[in-house]
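Undergrad: Quick one, structure for this:
(chains A and B)
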Amino acid sequence: MHNRQPKRHADLLELVYLEIDGELSQRETRALNDHASSCLECRVIRREMLVFNSVLDEIKIDAHPDLARRVLENLPPAAWEMRRPASWRVAAIAFLGLFGAAYALTFQSEPLGEALPWIGTLAAMAELFGSAALAGAGLLAASWSGVGLALGEILSRSTMGLVAFGVFVLGIDCLFLRYLWRLSRREALVPGRPSHPRGRSK
Amino acid sequence: MTQESLEPSDAEVVAAVLRGDKELFGEIVKRYQGRLVNFLYRLLYDQAEAHDLSQEVFFKTFQALDRYDPQYKFSTWLFRVGRNAAIDRLRKRRLKLVSLDRPSRSQDSDSAWEFPSSERGPYGEYRNRERGGAISEAIGSLPWEYRELIVMRHYGELSYAEIAEVKKLPLGTVKNKLFRARQILKESLADFMAD
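TA: This next block holds a predicted model:
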């Protein structure tokens, strides 16, 4: 805020507003006080403004005593509540555990001082994950081909079965589209962040 | 150390809520409910609707709490949501006035707020009502941009910088408009400022 000196009464009126709103620095307030102490008109303006402010305050209402309780009791579920920070912690702990196991398996017969560089551990880890991924993929392929065989068997029996399956798939699609629509609506309702860098908190 | 400095900041309370202490959101509500209700009441002129909307605003901020950036003031974020909600509500109200076959607000509102009576004896009641009515009318008859700023400053108790942030206006413009708005109000309320 610029350093203002009250030169004219028009300026002073603005300064008085700022003073009442607590927007003047100590130095500016001192300058205003110095001026007002020798100027009757300015003292009158100041008093008027204080009365004006209190008049505006007269029509303030109290918040209902139950408001906070009602808000807390009816808080809607928030998307962020589902994303607990513990979820990534579990993954991180599992990763570290696996890493530790791989390290122990690789160097179990050697003293630490003679251990190979870390690259060896990483290679062992990669191998471990590769094997796990292969096993997982095999399991998935097997289960999908099983599901495919079962479905083929059911659908080839009658046309009604085929129609029922079509209706089922369509229903799933509709549910998914409805979910996407609700998600986009919720995004639209979410307020944006303030984009101005002014007025930052302390 | 003062009592105020011992209180956790808004950002700290929000962080605690996000960590799972949902009940602490009540602290945020208690801090802002008075200012928000007054702010909305002066824009909507309906006490029950102001309370309904305050609830909605708190719900919206709760749902988007993970998007709050602690480098900004929580108040500016909350009041921006409140302002947008009030504008939406006024727009809907105008549409309802046009559509004659729709029920009125009191019929479709399911929140029964009961407010205590503020009667203070026959003389006081009459005088206060007259004066209060004049103040309300003077604020209500201000052009929208001035009215909004006066309401933000006096009833939302926002600082000039906060108003500038909520309204996305330069600080100087906020000062000038507030100054002008108060001049208009002062002239309208000249009769009531003598006592």
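Undergrad: Buried residues of the helix or strand harbouring A:Gly161, list them for me.
TA: Assessed by DSSP states H and E, A:Gly161 sits inside helix A:159-189. Judged by neighbour count (16 or more other C-beta atoms under 10 Å in any protein chain shown), helix A:159-189 contains no buried residues. C-beta: built from backbone N, CA, C; applies to glycine.
Undergrad: elements contacting that helix?
TA: Here helix A:159-189 touches helix A:118-155, helix B:47-63, going by 3 or more C-beta pairs under 8 Å, 6 or more residues apart in numbering or on different chains; DSSP states H and E.
Undergrad: Most tightly packed of those helices?
TA: For these, the largest average neighbour count (mean count of other C-beta atoms under 10 Å in any protein chain shown) is found in helix B:47-63, namely a mean of 22.
Undergrad: Taking helix A:159-189 as reference, get the angle to that helix.
TA: Orientation check (axes from the mean of the first three to the mean of the last three C-alpha atoms, to 10 degrees): helix B:47-63 against helix A:159-189 gives 110 degrees.
Undergrad: Can I get helix B:47-63 in CSV? Just the C-alpha atoms.
TA: Taking Å, rounded to 0.1, in the frame of the first residue of the first chain, the C-alpha atoms of helix B:47-63 are listed here in CSV:
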residue,chain,number,x,y,z
GLN,B,47,-33.2,-16.2,5.8
ALA,B,48,-34.1,-19.9,5.3
GLU,B,49,-32.8,-19.8,1.7
ALA,B,50,-29.5,-18.3,3.0
HIS,B,51,-29.2,-21.2,5.5
ASP,B,52,-30.0,-23.8,2.9
LEU,B,53,-27.5,-22.4,0.5
SER,B,54,-24.8,-22.1,3.2
GLN,B,55,-25.3,-25.8,3.8
GLU,B,56,-24.9,-26.5,0.1
VAL,B,57,-21.7,-24.3,-0.1
PHE,B,58,-20.2,-26.2,2.8
PHE,B,59,-21.1,-29.5,1.2
LYS,B,60,-19.5,-28.4,-2.1
THR,B,61,-16.3,-27.2,-0.4
PHE,B,62,-16.1,-30.5,1.5
GLN,B,63,-16.4,-32.5,-1.6
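Undergrad: Just the buried positions in the next helix or strand after that helix, please.
TA: Using DSSP H and E, the helix or strand that follows helix B:47-63 in sequence is helix B:74-98. Buried residues in helix B:74-98, counting neighbours by 16+ other C-beta under 10 Å, are found at B:74-86, B:89.
Undergrad: List just the nearest of these to A:Gly171.
TA: Proximity of the buried residues of helix B:74-98 to A:Gly171 (C-beta to C-beta) peaks at B:Ala85, which lies at 35.7 Å.
Undergrad: shouldn't the closest one be in contact with B:Glu56?
TA: Yes - the pair B:Ala85 / B:Glu56 is scored as a contact, 6.1 Å apart, by C-beta atoms under 8 Å.
Undergrad: out of the helices and strands packed on helix A:159-189, nearest to A:Arg30?
TA: Nearest of the helices and strands packed on helix A:159-189 (C-beta to C-beta): helix B:47-63, 39.9 Å.
Undergrad: quick check: angle from the closest one to helix B:74-98?
TA: Going by the same axes, to 10 degrees, helix B:47-63 makes 130 degrees with helix B:74-98.
Undergrad: Mean pLDDT and distance to B:Pro8 for the helices and strands packed on helix A:159-189 - can I get that in TSV?
TA: Shown next, in TSV, are these (pLDDT from 0 to 100; distance: least, C-beta to C-beta, whole Å):
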stretch	mean pLDDT	distance to B:Pro8
helix A:118-155	82	43
helix B:47-63	95	17
